[in-house]
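J.: The following comprises the amino acid sequence and a computationally predicted model.
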Amino acid sequence: MQAARAGDLDSFGRLCEGYYAPLVAVAYGVLRDRQLAEDAAQEAFARALVSLRRLKEPAKFAPWLAQICRNAAVDLARARKPQIEVADLAQTPDRDTDEFVSQIVREAIDRLPISLREVVVLRFHNDCSYEQISAVLGLSKMAVNGRLTRAKHKLARYLRRRGVLEDMP
């Protein structure tokens, strides 16, 4: 961290290598598009490099970087005009297929608030541990657990309404 703050680009690159996948997950939580999320992560690294000397508490690098990434993703989302794609107009897949279930699960995740969506993506798409999520988002492990629990309840309700998940006794 000290070498990166002193302007050593190699040190900054090594520092950021470990955060690429979590940042893409954070940006995906905002954008819901993998390619745009990757763009936002790259933009976050560029912004962080320019601002690194202003980081007051180096120990909080990960949550600081995640917030920069969230802001970059929001900026990309604002700049992106809504477009209707042919895929959006296609018929819903047959209810008895895995494709249908996958589509409904994606819809359920997309409906979550950003704060819940990002922990779901980090945990289940990126296989991050509670400790890793806690470090990246600057939350306690208890807060991560609470967000994941709320997200699971919301997802289950939506999946039940859509008939994908049966009510349990």
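T.: Yep, it's here.
J.: Contacts for stretch 106-124 next, please.
T.: 22, 25-26, 28-30, 32, 70, 128, 130, 132-133, 136-137, 144, 147-148, 150-151, 154-155, 158-159, 162 (C-beta atoms under 8 Å, 6 or more residues apart in numbering). For glycine as for every other residue, the C-beta is placed from the backbone atoms N, C-alpha and C.
J.: And the helices in this protein?
T.: 2-5, 9-17, 20-31, 34-51, 61-79, 86-89, 98-110, 114-120, 130-137, 141-161 (DSSP state H).
J.: most packed of those helices?
T.: Stretch with highest mean neighbour count among these: helix 20-31 (a mean of 24; mean count of other C-beta atoms under 10 Å).
J.: And that helix, what does it pack against?
T.: helix 34-51, helix 61-79, helix 114-120, helix 130-137 (3 or more C-beta pairs under 8 Å, 6 or more residues apart in numbering; DSSP states H and E).
J.: As JSON lines, those helices with mean pLDDT would be great.
T.: Below are the helices and strands packed on helix 20-31 laid out as JSON lines (pLDDT from 0 to 100):
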{"stretch": "helix 34-51", "mean pLDDT": "94"}
{"stretch": "helix 61-79", "mean pLDDT": "93"}
{"stretch": "helix 114-120", "mean pLDDT": "93"}
{"stretch": "helix 130-137", "mean pLDDT": "94"}
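J.: Distance to residue 3 for these - can I get that in a markdown table?
T.: Listed next are those as a markdown table, based on distance: least, C-beta to C-beta, whole Å:
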| stretch | distance to residue 3 |
| --- | --- |
| helix 34-51 | 13 |
| helix 61-79 | 13 |
| helix 114-120 | 29 |
| helix 130-137 | 20 |
